[in-house]
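*Asks:* the following comprises the amino acid sequence and a computationally predicted model.
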Amino acid sequence: MVVSCKRAAGCLGQIILPMLLACSVSAQRATVYTLSNLVDSANRHLPLLLEKQALVQSAQAGIKEAKDVFLPQVNAVEELSAGSANDVEGPFLTIPGIIHPIGGGINATSNYQAVTGNMASLYGQYELVNFGLRGAQVANAKAFVGVTQADLEKERYQVKWDIARIYFAIQKNRNQLAVDSEDMRRYQSMYEVSRALTGSGVNPGVDSSLARAGLSRTRINYNEAVGSLCRLQLELAYLTGIQGPEIPVDTSFGGAEALVEAADLGAGAGLAGDSAAALNNPLADYFAKQKLQYNAEQELARKSYLPKIILAGGGWARGSSIQYDNDYKSPAQGLGYQRLNYLGGIGITYDLFNGVHKRDRVAVLNGQVAAADYALQQQELSLNNQALQADESIRTARANLVELPIQLRAANAAYNQKLAQYKAGVINLVDLANASFELFSAQSDYITTLNEWYTASLDKAAAAGRLDQFIQTVK
C-alpha cells in the first residue's frame, strides 16, 4: 500500500507539475517558505504567543517572589512629634485610629501646654517555624509556571496545526488552480474548433454556443479558485506575519514519500491503548499541569492555616520634654534621646477559626481538582478519537489513491480520442464536453484525495503528539 501511495504521488506530480511551470518560474524570484519556516515565523510574530511567553516569564519571576516573602521583616522608625499629653489610666482596644499614650496622666487637671518628644525604634520579626508553608508556597509558584508554560506550548501546538492545515490547503488550491487553468484551455480550444467547424457548415451553430457557455463556466471556476487561494494566503499571513498576500509556498511533490513514512509512523503507534498525556501531547499536557497546580494549591491551603512560631526583637530610644517629676521643660529639651529599651521574644500565633477556613478552602479546591481531572480525561478521549478518525481517513485515501491514477489515465485517453473524433466530425460537442468533464473530475478528485491523505496524516501526527516530527518531514 505504501508503494502504491508513493506511485500515486509521483503520478500526480507528472500530471500537475507541467501545469505549475509558469507559476514556479515566478515563485523562484521570491523567497520560498517551508512549513518549518512558517511555524518559526509565527512563533516570533503572533501576539497571542508573545503574550503567553510574557506570562511564562511573569510566572517564573513569581517563584523568587514566593521565596522572598519569608525573608525577615525589619522596620526602622524615627519620629519627631509635638502635642499635648493628657490621658487617664485604663485599658483600650487597639482599633485603628489615634494612638493613645500607654502611660497614665501626670496632672490632676488637663494641661494643654505643648510638649515635644523624640523616638527611634528598630523592630524585626521572622517566622521561625511555619510548618511547611514556605515550601508549599514555592511549590505552588512552580506549579503555576508549569501551567503557564504548558499553556504556551498548547497554543504553539495549535498554531502549528493550523499553519500546516493552511499549508496543505494552499497546495491543494494551487494544484486545483492549475487543473482549472487546463480545463479553461481545453474549452478555449473546443470553442475555437467548434467555431471553425460551424463556420464551414460541418456542425450546427449550437455547438459554438455550448462551447462558449462551457468556457465561461471554466473561467468562473478559475476565478473562484484564485479567490480561495488568496484568502488562504491572507490567513497564513495573519498567523506568520509575512507581509503581502502572495506568500510563496513550496508546492513540490518531493516530500510525498517522507510523508508516507511519517504517516505510517503515526498510524503504527496507535492511540487506542496509549494515553495522549503519556505521549506528551501539549494539548493534553496543559490539563495535566492544571491538575498539578490545583493539587499544589490544596497543599498550600492546608499549610496556610497552621500555627506560626515567630521570633521577634527590637529596641527603642525616646526623649520627652516632660520630666519624671512632672516638670514641663522647654520643647527643646524633648529633642534628645533620654531612655533606651530593648525587647525580644518568641511567640506563637493561631486563629482559632482556621480549621473552618481551611475546610472551606480545601472544599473549593477539591472541586477544581476534580474538574481538571475530567478536563484531562475529555482531552485524551478527544485526541484518541481524532487519531482513530484520522486512521480511517488515511485508509480510505490510500485505497482511492490506488484507483484514481487508473481513472485519470483512462479519462485523459478518452478525452484525446473524443477530441480527435470531434475534429473529424464523427461525434458532437456534447460527447467531447462529457469527456472533458470526466477528465476534469478525475484530476480534481485526485487533488482532493491526496489533500485528504495529507490532512489525515497531519491530524494523526498531531493527535499522537508527533506534530513537530511530521512538520520536519515536509520539505
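*Replies:* Alright, I've got the coordinates.
*Asks:* the stretch 51-200 of the chain: helices as residue ranges?
*Replies:* Under the criterion DSSP state H, counting those that start in this stretch, the stretch 51-200 of the chain contains helices at 133-199.
*Asks:* where does it dip in pLDDT?
*Replies:* Low-confidence segments of the stretch 51-200 of the chain (pLDDT under 70): 85-108, 197-200.
*Asks:* contacting residues around stretch 323-331?
*Replies:* Stretch 323-331 has contacts (Cβ atoms under 8 Å, 6 or more residues apart in numbering) with 82, 106, 107, 111, 113, 114, 115, 116, 321, 322. (Each C-beta comes from the backbone N, C-alpha and C, glycine too.)
*Asks:* for the fifth one, what are its contacts?
*Replies:* Under the criterion of Cβ under 8 Å, 6+ apart, the contact partners of residue 113 comprise 84, 328.
*Asks:* and it, how far is that from residue 334?
*Replies:* Distance of residue 113 to residue 334, given as Cβ to Cβ, to the nearest Å: 12 Å.
*Asks:* where do the helices sit along the stretch 301-450 of the chain?
*Replies:* Applying DSSP H, counting those that start in this stretch to the stretch 301-450 of the chain gives helices spanning 354-423, 429-463.
*Asks:* in CSV, list these along with mean pLDDT, mean neighbour count and distance to residue 338.
*Replies:* Output for the helices of the stretch 301-450 of the chain, formatted as CSV (pLDDT from 0 to 100; neighbours: other Cβ atoms under 10 Å; distance: least, Cβ to Cβ, whole Å):
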stretch, mean pLDDT, mean neighbour count, distance to residue 338
helix 354-423, 91, 16, 43
helix 429-463, 91, 21, 79
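*Asks:* nearest residue to the residue nearest the centre of the chain other than its sequence neighbours?
*Replies:* Nearest to the mean C-alpha position of the chain, by Cα atoms, centre = their mean, lies residue 155 at 1.1 Å. In this structure, residue 155 finds its nearest non-sequential neighbour in residue 52, 5.4 Å apart by Cβ to Cβ, 6 or more residues apart in numbering.
*Asks:* tally of neighbours for that neighbour?
*Replies:* Residues lying near residue 52 (other Cβ atoms under 10 Å) number 19.
*Asks:* pretty sure it contacts residue 157?
*Replies:* No - look at residue 52 against residue 157 with Cβ atoms under 8 Å: they stay out of range, at 11.6 Å.
*Asks:* which ones are touching residue 144?
*Replies:* If you count contacts by Cβ under 8 Å, 6+ apart, residue 144 has them with 59, 62, 293, 296.
*Asks:* and residue 310, what pLDDT?
*Replies:* With respect to pLDDT, residue 310 has a value of 88.
*Asks:* identify the bridge partners of it.
*Replies:* residue 127, residue 347 (DSSP bridges).
*Asks:* just give me the neighbour total for it.
*Replies:* Neighbours of residue 310 under the rule other Cβ under 10 Å: 17.
*Asks:* which residues sit in contact with it?
*Replies:* Neighbour list for residue 310: 125, 126, 127, 128, 346, 347, 348, 349 [criterion: Cβ under 8 Å, 6+ apart].
*Asks:* rewinding a little: need the contact list for the residue nearest to the centre of the chain.
*Replies:* 48, 49, 52.
*Asks:* I'd like those laid out as TSV, including distance to residue 361.
*Replies:* Putting the contacts of residue 155 into TSV (distance: Cβ to Cβ, whole Å) gives the following:
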residue	distance to residue 361
48	33
49	34
52	29
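*Asks:* now, which of those residues sits nearest residue 135?
*Replies:* Distance ranking of these against residue 135, using Cβ to Cβ, places residue 52 first at 27.8 Å.
*Asks:* before we move on, the earlier item: need the helices of the stretch 301-450 of the chain in a markdown table (columns: distance to residue 218).
*Replies:* As requested, the helices of the stretch 301-450 of the chain are arranged in a markdown table below (distance: least, Cβ to Cβ, whole Å):
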| stretch | distance to residue 218 |
| --- | --- |
| helix 354-423 | 14 |
| helix 429-463 | 8 |
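*Asks:* nearest to residue 284, of these?
*Replies:* Taking Cβ to Cβ, helix 354-423 is the member of these nearest to residue 284, at 4.8 Å.
*Asks:* and the contacts of residue 310, which is closest to residue 194?
*Replies:* residue 127 (95.2 Å).
*Asks:* separation between the closest one and residue 332?
*Replies:* Residue 127 is 43 Å from residue 332, where distance means Cβ to Cβ.
*Asks:* quick one, which of the two is more surrounded?
*Replies:* For the pair residue 127 and residue 332, the greater number of neighbours falls to residue 127 (18 against 9), based on other Cβ under 10 Å.
*Asks:* list the contacts for the more buried one?
*Replies:* Residue 127 is in contact with 70, 133, 134, 308, 309, 310, 311, counting by Cβ under 8 Å, 6+ apart.
*Asks:* buried subset of these, written for PyMOL?
*Replies:* Restricted to buried positions by 16 or more other Cβ atoms under 10 Å, the PyMOL selection for the contacts of residue 127 reads:
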select buried, resi 133+310
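*Asks:* count the neighbours of the residue lying closest to residue 135 once chain neighbours are set aside for me.
*Replies:* In space, and not counting its chain neighbours, residue 135 is closest to residue 303: 7.9 Å by Cβ to Cβ, 6+ apart. Neighbour count for residue 303, taken as other Cβ under 10 Å: 19.
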